[in-house]
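K.L.:
attaching a predicted model along with its sequence, questions to come.
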Amino acid sequence: MSRKKLLIRDLTLRDGQQSLFATRMTQEQVDRVLPFYKDARFYAMEVWGGAVPDSIMRYLGENPWERLEKIKSSVGDVSLLTALSRGRNLFGYNPYPDDVIEGFNRNAVKSGIGIMRIFDALNDLNNMKSTIKYVKENGGLADCAISYTVDPKFSTKQKFRSWIHLKSLPHDIFTIEYFVDKAKELESMGADMISIKDMAGLIPPQRTGDLIRKLKENVSIPIDFHTHCTPGYGLASAIMAIVSGVDIVDTCILNFAGGPGAPSFEMIQIVADKLGIETGVNLDAVVKINKELKLIRQELAEFDTCKLFPIDFDITTDKLPKDIDRLFTKAIYLAKHDREEEMIQACQAIEKYFNFPEPDEMVKRAEIPGGMYTNMLAQLKQLKLDHLLPRVLELVPLVRVKSGCPPLVTPTSQIVGVQAVNCVIDENKGQPFFTTKSIQYVNLVKGIYGKTPIPIDPDFREKLTGVREETGYDTKNYKKQENSVFEDYGDMKLAQNEKEELLLELFPTVARDFLTRCVEERYTENIYKIEEDKRQKAQEARDAYESLTPEEKRKRLLEGLYNFQWLSFPDENLGRS
């Protein structure tokens with residue numbers, strides 16, 4: 001009897017390093033683990049997209065396309081390479097016209113991407129349509145992600161005020177049916193797989209099981225489960241997903257797992273072994289990757305958000321203590337019997353043994369992404385108003401409802417977070433809420449980013465934006481970035497090819513700085529090459545002269561003198577005798 005199969009998507013080289021180390025892995029560090037990844041045989045490896053292209057240009061001076069192509073060259077077809085894209089928004093805030101979307105996806109697939117994970121910050125599927133089309137036309141797989149989120153969580157005071165004013169607060173927005181309906185529509189649009197993208201780690205085990213089972217009943221394509229460990233649900237929810245029949249689970253290798261990152265592959269492998277499920281991953285290669293990742297993590301210490309290393313653990317040889325091994329067995333049993341609270345406790349005890357960070361209780365209570373929380377706190381600290389953080393957290397649901405209850409995922413999490421801080425600043429100055437507003441929040445309310453999960457009050461939209469009806473972004477107004485010509489560098493263009501032109505379109509400021517440095521380096525290299533060619537030719541001429549006989553040298557000197565006279569005094573008509 002053949003064993004059941006669970007596919008593993010490794011996130012280490014993209015989401016893992018982005019969550020824990022601000023996407024600071026250099027190409028040299030990536031190169032060190034690639035030979036082991038080729039042997040590991042993961043179903044897929046997420047290596048690109050997200051913050052990678054921006055960050056490696058901005059901080060490392062590296063070319064994003066070259067990184068992708070080098071990884072593909074090293075890993076080959078052993079694992080499918082995955083990238084993350086925001087659909088019509090790609091990597092920016094504003095939507096892009098179809099020619100930019102087509103060019104990006106065509107070049108991404110051509111450079112090595114096998115699976116494009118596509119999501120939209122509003123779960124507006126219309127924003128994902130063009131990317132699905134272009135990925136599939138170019139031979140890639142369209143992994144369509146549904147951004148998991150929860151309903152706004154109102155304080156008792158807010159609920160009481162609502163009751164006093166006879167206004168109902170929105171509820172039951174993000175139900176199981178909401179996500180299932182999105183999945184069914186995406187399948188009809190051509191999705192090759194569906195991902196539950198729980199970017200904030202907010203989905204608890206019970207809800208995970210309910211959602212996975214419903215999705216398996218309603219769609220016929222594979223289901224992928226993606227979560228993070230910040231609030232303390234990560235491992236428990238991943239186990240529940242496996243028990244409930246999920247097809248693919250996203251993990252990171254031990255030294256890049258836990259905390260803000262995804263669950264550890266090693267833990268998921270232990271669970272799979274206990275359930276008699278085959279992952280197909282070469283564990284010897286994983287051990288080698290993990291050892292190298294520990295060294296790389298030490299090198300990235302200044303960017304490490306956790307400063308806490310997991311224990312050294314070799315999954316091929318090390319045996320778990322009996323009590324920890326029993327906890328894995330217990331967690332599986334509790335998952336099968338839907339005993340959520342006990343299961344979470346068991347999983348958190350396992351994570352404590354492996355020395356992962358404690359659950360972030362503030363993020364768990366606030367039900368917002370960790371990155372959104374830290375950004376709001378940083379914004380307040382800069383203004384010396386960090387004592388107002390509790391008030392900001394109280395206003396997040398209000399700001400969110402006013403803007404149509406967007407899921408809290410990049411970029412809407414940051415847009416809502418910044419606006420909540422702005423509202424507290426207004427309140428602190430004795431001004432009405434929304435006196436201070438960001439252009440991004442105005443655009444969100446206006447409809448620039450797409451259709452929100454619930455309708456926006458037309459009166460609020462008109463007051464904030466000046467228009468009453470939802471107004472979508474018109475790509476006819478899109479203006480391409482100028483591809484500058486550098487006269488001082490031999491009329492060299494800023495972007496030399498389509499891939500560089502795309503970087504300029506998608507990351508205008510960062511790419512302009514990066515490509516300017518590239519132009520300077522190319523020009524310097526060209527000058528050096530010209531000078532080197534001159535030196536080489538001069539040396540060849542000297543070598544040729546030294547090889548002549550004395551009589552040939554004398555003849556060559558006389559010819560040189562004659563040519564010099566003829567060229568220098570052409571009007572003298574010296575003749576040739």
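P.N.:
Yes, it's here.

K.L.:
contacts only, for Gly87.
P.N.:
Under the criterion of C-beta atoms under 8 Å, 6 or more residues apart in numbering, the contact partners of Gly87 comprise 118-120, 127-128, 130-131. Any C-beta I mention is one placed from the backbone N, CA and C, and that applies to glycine too.

K.L.:
among these, which lie within strands?
P.N.:
Ile118 (DSSP state E).

K.L.:
between which two of the contacts of Gly87 is the distance greatest?
P.N.:
Phe119 and Ser130 (13.8 Å; C-beta to C-beta).

K.L.:
which one's more surrounded, those two?
P.N.:
For the pair Phe119 and Ser130, the greater number of neighbours falls to Phe119 (25 against 19), based on other C-beta atoms under 10 Å.

K.L.:
wait, the more buried one touches Ile194, no?
P.N.:
No. Look at Phe119 against Ile194 with C-beta atoms under 8 Å: they stay out of range, at 11.0 Å.

K.L.:
what's the helix or strand for Ile350?
P.N.:
helix 340-353 (DSSP states H and E).

K.L.:
ok, the contacts of Gly87 vs Asn290, which is closest?
P.N.:
Of all those, Phe119 has the smallest distance to Asn290: 28.8 Å, by C-beta to C-beta.

K.L.:
grab the nearest non-local neighbour of the closest one.
P.N.:
Beyond its immediate neighbours in the sequence, the residue positioned closest to Phe119 (C-beta to C-beta, 6 or more residues apart in numbering) is Ala145, lying 3.9 Å away.

K.L.:
any idea how far that neighbour is from Ser484?
P.N.:
Plainly put, Ala145 is 36 Å away from Ser484 if you go by C-beta to C-beta, to the nearest Å.

K.L.:
the more surrounded of the two?
P.N.:
Ala145 (28 against 15).

K.L.:
tell me the mean pLDDT for the helix or strand harbouring the more buried one?
P.N.:
According to DSSP H and E, Ala145 maps onto strand 141-147. Taken as a whole, strand 141-147 carries a mean pLDDT of 97.

K.L.:
what of stretch 371-380?
P.N.:
86.

K.L.:
which outside residues touch that stretch?
P.N.:
Residues external to stretch 371-380 that are found in contact with it (C-beta under 8 Å, 6+ apart): 200, 260, 362-363, 366, 386, 388-389, 392-393, 408, 410, 413-414, 416-418, 420-421, 424.

K.L.:
please enumerate the strands of the stretch 251-400 of the chain.
P.N.:
Assigned by DSSP state E, counting those that start in this stretch, the stretch 251-400 of the chain shows strands spanning 277-278.

K.L.:
so where is it shaky, pLDDT-wise?
P.N.:
Judged by pLDDT under 70, the stretch 251-400 of the chain has no weakly predicted residues.

K.L.:
one more: the stretch 401-550 of the chain?
P.N.:
526-533.

K.L.:
in it, which spans are helices?
P.N.:
Per DSSP state H, counting those that start in this stretch, the stretch 401-550 of the chain carries helices over the ranges 412-428, 439-446, 458-465, 498-506, 508-546, 550-568.

K.L.:
again, but for the stretch 1-150 of the chain
P.N.:
Counting by DSSP H, counting those that start in this stretch, the helices of the stretch 1-150 of the chain are 17-21, 27-40, 52-58, 64-75, 98-110, 129-137.

K.L.:
out of the ones you listed, which one sits most buried?
P.N.:
Among the helices of the stretch 1-150 of the chain, the stretch with the highest mean neighbour count (mean count of other C-beta atoms under 10 Å) is helix 17-21, at a mean of 25.

K.L.:
list the contacts of it.
P.N.:
The contact list for helix 17-21 (C-beta under 8 Å, 6+ apart) reads 23-25, 50-52, 55, 228, 256, 259-262, 297, 300, 303-306.

K.L.:
filter those residues down to the buried ones, PyMOL style.
P.N.:
To isolate the buried ones among these in PyMOL, judged by 16 or more other C-beta atoms under 10 Å, type:
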select buried, resi 23+24+25+50+51+52+55+228+256+259+260+261+262+297+300+304+305+306
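
K.L.:
for Glu501, which non-adjacent residue is closest in space?
P.N.:
If the residues on either side of it in the chain are set aside, Glu501 comes closest to Ala495, at 4.4 Å by C-beta to C-beta, 6+ apart.

K.L.:
the one you found: neighbour count?
P.N.:
The local packing of Ala495 (other C-beta under 10 Å) involves 21 other residues.

K.L.:
what's the distance between it and Thr475?
P.N.:
Note on Ala495: its distance to Thr475, by C-beta to C-beta, is 21 Å.

K.L.:
what do you get for Lys70?
P.N.:
Remark: distance between Lys70 and Thr475 (C-beta to C-beta) = 33 Å.

K.L.:
again, but for Ser155
P.N.:
Ser155 sits 40 Å away from Thr475 when distances are taken as C-beta to C-beta.

K.L.:
same thing with Leu503?
P.N.:
In this view, Leu503 and Thr475 are 20 Å apart by C-beta to C-beta.

K.L.:
higher neighbour count, the two?
P.N.:
Comparing Leu503 with Thr475 by other C-beta under 10 Å, the one with more neighbours is Leu503, at 25 against 15.

K.L.:
surely that one meets Met57?
P.N.:
Yes. Leu503 is in contact with Met57 according to C-beta under 8 Å; the separation is 7.2 Å.

K.L.:
mind listing the shared neighbours of those two?
P.N.:
Going by C-beta under 8 Å, 6+ apart, residues that sit against Leu503 and also against Met57 are 64, 511, 514.

K.L.:
so what's the closest residue to the last one other than its chain neighbours scoring on pLDDT?
P.N.:
Of all residues not flanking Phe514 in the chain, Met57 sits nearest, at 4.1 Å (C-beta to C-beta, 6+ apart). Reported pLDDT at Met57 in the predicted model: 97.

K.L.:
would you confirm that Met57 contacts Trp65?
P.N.:
No. Contact criterion C-beta under 8 Å: Met57 and Trp65 do not qualify, at 10.5 Å.

K.L.:
between these two, which contacts overlap?
P.N.:
The contact lists of Met57 and Trp65 share Leu503, where a contact means C-beta under 8 Å, 6+ apart.

K.L.:
hey, where'd the strands end up in the stretch 101-250 of the chain?
P.N.:
With DSSP E, counting those that start in this stretch as the criterion, the stretch 101-250 of the chain has strands spanning 113-118, 141-147, 193-197, 223-226, 248-251.

K.L.:
kindly provide the whole-number mean pLDDT of the first one.
P.N.:
In this model, strand 113-118 has an average pLDDT of 98.

K.L.:
list the neighbouring strands of that strand plus their orientation.
P.N.:
Sheet neighbours of strand 113-118, with direction, are listed as strand 80-85 (parallel), strand 141-147 (parallel) (DSSP bridges).

K.L.:
strand 193-197 and that one, what's the angle between them?
P.N.:
Between the direction of strand 113-118 and that of strand 193-197, the angle (axes from the mean of the first three to the mean of the last three C-alpha atoms, to 10 degrees) works out to 50 degrees.

K.L.:
need the contact partners of strand 113-118.
P.N.:
Outside of strand 113-118, the residues that reach it under the criterion C-beta under 8 Å, 6+ apart are 44, 46, 48-49, 68, 80-87, 105, 108-109, 128, 131-132, 135, 140-145, 192-193, 195, 197.

K.L.:
what do you get if the cut-off is 6 Å, keeping everything else the same?
P.N.:
44, 80-85, 87, 128, 131, 135, 140-141, 143-145 (C-beta atoms under 6 Å, 6 or more residues apart in numbering).

K.L.:
for it, output the C-alpha coordinates as CSV.
P.N.:
As requested, C-alpha coordinates have been extracted for strand 113-118 and formatted as CSV (Å, rounded to 0.1, in the frame of the first residue of the first chain):
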residue,chain,number,x,y,z
ILE,A,113,9.7,30.9,-12.2
GLY,A,114,7.5,27.8,-12.3
ILE,A,115,4.7,28.9,-9.9
MET,A,116,3.6,32.5,-9.6
ARG,A,117,1.7,33.0,-6.3
ILE,A,118,-0.8,35.8,-7.1
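
K.L.:
many thanks, I have nothing further to ask.
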